[in-house]
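Asker: My questions are about this predicted structure, shown below with the sequence.
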Amino acid sequence: PAEAVEATARDTATFSDVQQRLVGLATAVADTQPWRETWEVPARLTTDPDGTETLGSNVEGRVKCVLVLPGDAVRPGQVLVTLHSHEMNDARGALGRARAGIAEADDALRLATAAAERAERLYALRALSQADLERARSARVQARAMRQQAASELARASSFVEHLVGTGPVPPGVDDHDVLIRTPIAGTVTARAAAPGAVVLPGAPLVTVSRLGGLVLRLHVPERAMAAAQRGATVRFTVPAWPGRTFTATVARVAPVVDSIARAVEVLAKVPSADGALRAEMSAAALLDGAAGAPALVVPSAAVQAFEGDTVVLTATPLASRPPDADAAGPVRVEAVPVRVGRRTARQAEILAGLAPGTRVVTAGAAIARAELLKRRGGGESEHGH
């Protein structure tokens, strides 16, 4: 009994209001609640693949002008890059020949139609033979076929030219022999690979455009946490650029295959607009909560401390009357209470024995409070002299 009293005295210390503020002491209540597994994994913000367009060259040619820079907002149909290509010259030439061909076919069809109608009248007057009438009719059919062929050629040539220039306003300085690369979506330019004067081949990437606010949180969840990575689940995450601020994302896709080496599955979660605070390629720390399980006595993970080989929780007992939800409204007695800990996550720990529900435990500032208790256990200053 004497040793127990001495140990209890050594493992307690009193903190006044001023001392609590200096060390940043904060407390929480040990509570019985459904246990949830929480998985903390590194993550990365990327552009949404469903809202990102990488515009490539559709011809072989030379980059004449790049009209945008990364960060520029663009609208649908806006010209971003102009190219000089011999294919545009060929396309314009083919379009001119097709227009001449349709004019020639129209004239030939008009003449053949008139000749066939005249032959019909002469045959009715018995002034033309059946063979001549059939030849006139055949000539009209051939003229119609030639006209359809010419119309198809004109449509093909027009479509190819439209493919090379698109539809919409044309910026100043563009001539009829330039190929125009337009964006099909509204958004922000996120990458620019094109450089004026560079020779490009078909398919070479020129500019990347992403829809505004179209970000995805990309994370790799351990195989044992796949039950928590369900479509529609909420993922909470933080980024170094905004300390103390928590963002949310919604799981949109879960890879159907587990990585055979890392034993993890890739998860994509869509991030709603965050007022421009987030950027693609930011690193993040993601928290994914599992389904609720059986009730357990839970404390924040920061409350569990190693204490000279023991596992303890630092409890905070008010020494004066104060509101039950106040963290530092009066002096408190901090005591190291040995506990038996069960499951742990990045946010919480399960207490199996040694602590009663409703006990207030130290969370923030626990390391400094533990150091004070260790000093007292080693025979340092008295309880009121720290």
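Answerer: Great, that's in hand.
Asker: Tell me the helix or strand right after the helix ranked longest in the chain.
Answerer: Longest helix in the chain by number of residues, with DSSP state H as the criterion: helix 86-124. The C-terminal neighbour of helix 86-124 among helices and strands, as given by DSSP states H and E, is helix 130-165.
Asker: now for that next one, which elements pack on it?
Answerer: Here helix 130-165 touches helix 86-124, strand 178-182, going by 3 or more Cβ pairs under 8 Å, 6 or more residues apart in numbering; DSSP states H and E. Where you see a C-beta, it was placed from the backbone N, CA and C, and this is true even at glycine.
Asker: looking at those, which is closest to residue 250?
Answerer: The closest of the helices and strands packed on helix 130-165 to residue 250 is strand 178-182. By Cβ to Cβ, the value is 32.1 Å.
Asker: Give me the mean pLDDT for that closest one.
Answerer: Averaged across strand 178-182, the pLDDT comes to 92.
Asker: Quick one: residues in contact with it.
Answerer: For strand 178-182, contacts defined as Cβ atoms under 8 Å, 6 or more residues apart in numbering pick out 55, 57-59, 61, 64, 77-85, 87-88, 164-166, 168, 170, 174, 206-207.
Asker: Determine the set of other helices and strands touching the next helix or strand after it.
Answerer: Next in sequence after strand 178-182, counting helices and strands by DSSP H and E, comes strand 187-192. Packing partners of strand 187-192 (3+ Cβ pairs under 8 Å, 6+ apart): strand 52-56, strand 73-74, strand 205-210.
Asker: for the next helix or strand after the first one, which positions count as buried?
Answerer: Beyond strand 52-56 on the C-terminal side, the first helix or strand identified by DSSP H and E is strand 61-66. Residues of strand 61-66 classed as buried: 61, 63, 64, 65, 66 (neighbour count, 16 or more other Cβ atoms under 10 Å).
Asker: same question, stretch 164-183
Answerer: 164, 165, 166, 174, 178, 179, 180, 181, 182, 183.
Asker: Nearest to residue 242, out of the residues you listed: which one, please.
Answerer: residue 183 (30.0 Å).
Asker: right, and the closest one touches residue 73 too?
Answerer: No. If you go by Cβ atoms under 8 Å, residue 183 and residue 73 don't touch, sitting 10.6 Å apart.
Asker: which residues does the closest residue to residue 73 other than its chain neighbours bridge with?
Answerer: Leaving aside its sequence neighbours, residue 73 sits nearest to residue 188 (Cβ to Cβ, 6 or more residues apart in numbering; 5.6 Å). Following DSSP bridges, residue 188 is listed with bridge partners residue 73, residue 210.
Asker: What count of nearby residues applies to residue 188?
Answerer: Neighbour count of residue 188, defined by other Cβ atoms under 10 Å: 19.
Asker: for it, what are its contacts?
Answerer: Applying Cβ under 8 Å, 6+ apart, the residues near residue 188 are 71, 72, 73, 74, 209, 210, 212.
Asker: Write down the beta-bridge partners of the residue most central in space within the chain, one by one.
Answerer: Centroid-nearest residue in the chain, with Cα atoms, centre = their mean: residue 216, separated by 1.4 Å. Residue 216 has the following beta-bridge partners by DSSP bridges: residue 46, residue 270.
Asker: And for the one 5 residues further on?
Answerer: Here residue 221 sits in beta bridges with residue 265, as judged by DSSP bridges.
Asker: which residues does it contact?
Answerer: Taking Cβ under 8 Å, 6+ apart as the criterion, residue 221 is in contact with 39, 41, 228, 229, 264, 265, 267, 288.
Asker: for those residues, which one is nearest residue 336?
Answerer: Using Cβ to Cβ, residue 39 is the member of the contacts of residue 221 that lies nearest residue 336, at 29.8 Å.
Asker: what helix or strand is the closest one on?
Answerer: strand 31-47.
Asker: Could you name the helices and strands sitting against that strand?
Answerer: Right, strand 31-47 is packed against strand 215-222, strand 283-300, strand 348-353 by 3+ Cβ pairs under 8 Å, 6+ apart.
Asker: In it, which residues are buried?
Answerer: Buried positions in strand 31-47, judged by neighbour count with 16+ other Cβ under 10 Å: 35, 36, 37, 38, 39, 41, 43, 45, 46, 47.
Asker: Find the nearest non-adjacent residue to the last one, please.
Answerer: Nearest residue to residue 47, sequence neighbours excluded (Cβ to Cβ, 6+ apart): residue 210, at 4.3 Å.
Asker: Return the residues in contact with the one you found.
Answerer: Residue 210 neighbours (Cβ under 8 Å, 6+ apart): 47, 48, 51, 52, 53, 187, 188, 190, 280.
Asker: Can you convert those residues into JSON lines and add a column each for pLDDT and distance to residue 152?
Answerer: Conversion of those to JSON lines gives the following (pLDDT from 0 to 100; distance: Cβ to Cβ, whole Å):
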{"residue": "47", "pLDDT": "82", "distance to residue 152": "41"}
{"residue": "48", "pLDDT": "80", "distance to residue 152": "40"}
{"residue": "51", "pLDDT": "80", "distance to residue 152": "37"}
{"residue": "52", "pLDDT": "84", "distance to residue 152": "36"}
{"residue": "53", "pLDDT": "86", "distance to residue 152": "31"}
{"residue": "187", "pLDDT": "85", "distance to residue 152": "37"}
{"residue": "188", "pLDDT": "86", "distance to residue 152": "41"}
{"residue": "190", "pLDDT": "85", "distance to residue 152": "41"}
{"residue": "280", "pLDDT": "82", "distance to residue 152": "45"}
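Asker: And those residues, which of them are buried?
Answerer: Neighbour counting with 16+ other Cβ under 10 Å marks 47, 48, 51, 52, 187, 188, 190, 280 as buried within the contacts of residue 210.
Asker: could you redo these as TSV and give each row distance to residue 202?
Answerer: Formatted as TSV, those follow (distance: Cβ to Cβ, whole Å):
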residue	distance to residue 202
47	24
48	26
51	25
52	20
187	24
188	26
190	22
280	27
